[in-house]
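Asks: whatever this is, show me its structure:
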Amino acid sequence: MLAKSISNITPFTLLDYPHKSACILWYAGCNMRCLYCYNPEIVLGKGTISFTEVISFLKTRIGLLNAVVFSGGECLIHKNILEHIELVKKMGFLVKIDTNGSSPKVLKKLLDANVIDYVALDYKALPNKFKTITKSNLFAEFEASLELLNSSKIKYEIRTTYHSELCSNADLIEMQNYLNNKGYTGNFYVQNFSNGSETLSPLPRSVNLKKKDSASIKNSKIIIR
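Replies: Numbering: from 1, shown residues only. The predicted structure follows:
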């Protein structure tokens, strides 16, 4: 409880939990090093806030916020994450986790304990580009997490960040075909890279994907945010 695993708290958002008011807990550290990551200070930094401090903050938000978003970095790599989520759930908040899918065993524990309400799963790339973009060999773990969510009853979404130097329209079609083959029937959310953001690696400007681009993809469930 006293370990400082959280880098920052966003006290209020209407954008990060569908149709709900929420706060975001930004957990420090990550087991990927995505080239386009716009949170280098969180991924490479140390936590500055203990969970005891988080609980004190959340007590002042009971009745004011609907949900708490566990994000990062990668929140599921923290050894006390199950305890943290259980405590927040007992306080009456809905719980959403943002995850890169690299910890399917932890995700299964959370699903089995019925303590999460919504998941945003980051879909970095297919195997041929996964290591290049994430600097990790964790695609099999991502795939296992996707299969866990597919077989659960929990609400979840799949999302990716689009940078034109790292991903093409053809890649997006292949990524969606993969999801279709895995039985995913929801939308595939694509977020354009934010030019000018500080990132883990220097990147050239990205040419944004436009809504007409996704509309031209046959049978597309790609939604550009």
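Asks: just name the shakiest helix or strand of the chain by mean pLDDT.
Replies: helix 211-215 (a mean of 62; mean pLDDT, DSSP states H and E).
Asks: which parts of the helix or strand just after that helix are buried?
Replies: Per DSSP states H and E, the first helix or strand lying C-terminal to helix 211-215 is strand 222-224. Buried residues in strand 222-224, counted by 16 or more other C-beta atoms under 10 Å: 222, 224. The C-beta positions use only the backbone N, C-alpha and C, and glycine is treated the same way.
Asks: and the strands in this structure, which stretches?
Replies: 4-13, 22-27, 49-50, 67-72, 94-99, 118-122, 155-162, 188-192, 222-224 (DSSP state E).
Asks: I'd like to know which of those strands lies nearest to residue 60.
Replies: strand 4-13 (9.6 Å; C-beta to C-beta).
Asks: what's the angle from the closest one to strand 67-72?
Replies: Between strand 4-13 and strand 67-72, the angle comes out at 130 degrees (axes from the mean of the first three to the mean of the last three C-alpha atoms, to 10 degrees).
Asks: show me the shaky parts of the protein.
Replies: 1-2, 211-220 (pLDDT under 70).
Asks: can you show me the helices along it?
Replies: Taking DSSP state H to define them, one finds helices in the chain at 40-43, 51-59, 81-90, 104-113, 127-134, 139-150, 169-181, 211-215.
Asks: redo these as TSV? Include mean neighbour count and distance to residue 66.
Replies: What follows is the helices of the chain, written out as TSV (neighbours: other C-beta atoms under 10 Å; distance: least, C-beta to C-beta, whole Å):
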stretch	mean neighbour count	distance to residue 66
helix 40-43	17	24
helix 51-59	15	12
helix 81-90	17	12
helix 104-113	17	19
helix 127-134	16	32
helix 139-150	19	22
helix 169-181	15	28
helix 211-215	12	29
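Asks: output these in CSV; the columns should cover distance to residue 14.
Replies: Formatted as CSV, the helices of the chain follow (distance: least, C-beta to C-beta, whole Å):
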stretch, distance to residue 14
helix 40-43, 21
helix 51-59, 18
helix 81-90, 19
helix 104-113, 24
helix 127-134, 29
helix 139-150, 24
helix 169-181, 27
helix 211-215, 22
